[in-house]
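J.: Whatever this is, show me its structure:
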Amino acid sequence: MKAGTIALSDGHELPTMAFGTGSTMKFTNVTEYVKQAIDCGFCHIDTASIYQTEKYIGIVIRESGLPRSSLYITTKYSGGVVREHAQESLEQLGLSYVDLYLVHKPSTMGDFESSWREFEGLKKDELVKSIGVSNFTIEDLKTLLRTAKEKPVVNQIKLHPYNYAAMQELLSYCAQHRVVIEAYGCLTSLTKNPGGPVDAVVDAVAKRRGATASQILFAWVKSKGAAIVTTSRSEERLREYLATENLLPLTPEEIVSIDEAGAKGPL
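T.: Numbering: from 1, shown residues only. Now for the predicted structure:
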């Protein structure tokens with residue numbers, strides 16, 4: 001099974017679930033796990049130069065024999081001369097272009113205006129299909145949008161029930177400017193803060209729907225209009241995550257119940 005897509009403001013489509021090679025995958029040979037993710041049905045692979053996983057993803061792409069158009073590759077700029085940095089990533093990946101190129105975090109940009117001009121240049125020269133940002137606040141976005149000729153199409157941020165209240169204003173601002181949220185850390189209530197008030201609510205929804213807690217949390221993220229970046233070394237987990245696509249959307253009552261539990265904060 002493959003995930004669906006979300007329309008971006010530049011006319012391209014973003015797969016709604018990506019296999020991430022950050023987190024515990026950073027600085028390791030991820031060849032086996034990226035291959036497994038593609039075999040399970042992931043077509044979107046997320047990396048960054050700072051993760052040091054690009055070369056392994058390149059190996060999998062080359063050995064897969066898949067047409068370039070069947071894979072969606074995201075990587076991120078982590079500082080230095082923008083074009084040189086992007087070309088180094090392309091060499092590591094063995095690609096002539098990436099589908100989405102993100103600023104990894106605001107502090108890597110230096111001067112926003114000149115750095116973003118370089119991003120726009122990469123898009124114009126078709127080295128990247130879409131350009132976006134990661135870990136940007138409203139103030140960061142406002143600074144960028146003052147001079148940007150092309151808006152970022154994505155803002156990749158941490159999003160889960162326990163930080164949703166703090167992120168609501170940012171989500172609204174991004175929606176207003178047609179910047180799609182791509183969420184990571186979606187399972188934080190399970191993996192980092194087990195036993196908190198979200199668990200009982202999510203478990204009840206999962207039981208009612210014959211789903212898993214992870215699937216309900218991903219469905220909740222999707223209800224916010226966001227795409228998802230996730231990861232696992234387990235084939236069973238990856239198939240479980242992709243099967244979220246089979247779930248009917250959460251009801252307004254279910255969404256509110258998770259929102260309210262999240263607002264109570266973790267233990």
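J.: so who does Thr53 touch?
T.: By CB atoms under 8 Å, 6 or more residues apart in numbering, the contact list for Thr53 reads Thr21, Met25, Lys26, Phe27, Thr28, Val30, Thr47. Glycine gets a C-beta too; all of them are placed from N, C-alpha and C.
J.: Chain neighbours aside, what residue packs nearest to the fifth one?
T.: Of all residues not flanking Thr28 in the chain, Thr53 sits nearest, at 7.4 Å (CB to CB, 6 or more residues apart in numbering).
J.: Can you pull the phi/psi pair for that neighbour?
T.: With angles defined as degrees, to the nearest 10, Thr53 sits at phi -120, psi 0.
J.: Gln215 too?
T.: The phi/psi pair for Gln215 (degrees, to the nearest 10) is phi -60, psi -40.
J.: repeat for His12
T.: Dihedral angles (degrees, to the nearest 10) for His12: phi -90, psi 170.
J.: same question, Ser9
T.: Ser9 adopts backbone torsions of phi -70, psi -10, taken as degrees, to the nearest 10.
J.: Where does pLDDT dip in the stretch 1-150 of the chain?
T.: 1-2 (pLDDT under 70).
J.: contacting residues around Gly58?
T.: Gly58 neighbours (CB under 8 Å, 6+ apart): Gln92, Leu93, Gly94, Leu95.
J.: Can you pick out the most distant pair from those residues?
T.: The most widely separated members of the contacts of Gly58 are Gln92 and Leu95, with 9.0 Å between them, by CB to CB.
J.: Just among the contacts of Gly58, which is most surrounded?
T.: Leu93 (23 neighbours; other CB atoms under 10 Å).
J.: What separation is there between that residue and Ala165?
T.: Distance, Leu93 to Ala165, by CB to CB, to the nearest Å: 37 Å.
J.: next one: Thr21
T.: Counting by CB to CB - Thr21 and Ala165 are separated by 30 Å.
J.: In terms of neighbours, single out the busier of the two.
T.: Legend: neighbour count by other CB under 10 Å for Thr21 and Ala165, higher for Thr21 (26 against 14).
J.: tally of neighbours for Glu91?
T.: Using other CB under 10 Å, Glu91 is surrounded by 12 other residues.
J.: got the buried residues for the helix or strand encompassing it?
T.: For Glu91, the enclosing helix or strand under DSSP states H and E is helix 82-93. For helix 82-93, the neighbour count (16 or more other CB atoms under 10 Å) marks Val82, His85, Ala86, Ser89, Leu90, Gln92, Leu93 as buried.
J.: wait, what's in contact with the last one?
T.: In this structure, Leu93 makes contact with Thr47, Glu54, Lys55, Ile57, Gly58, Ile61, Ile73, Thr75, judged by CB under 8 Å, 6+ apart.
J.: Name the nearest residue to it, sequence neighbours excluded.
T.: Leu93 sits nearest to Gly58 (CB to CB, 6+ apart), 4.4 Å away.
J.: One more: the first one?
T.: Once its chain neighbours are removed from consideration, Val82 has its nearest residue in Glu118; the separation is 3.6 Å (CB to CB, 6+ apart).
J.: sorry, back to before: A helix includes the residue nearest to Leu93, no?
T.: Yes: looking at Gly58 with DSSP: H, G, I helix; E, B strand; the rest coil, it is inside a helix.
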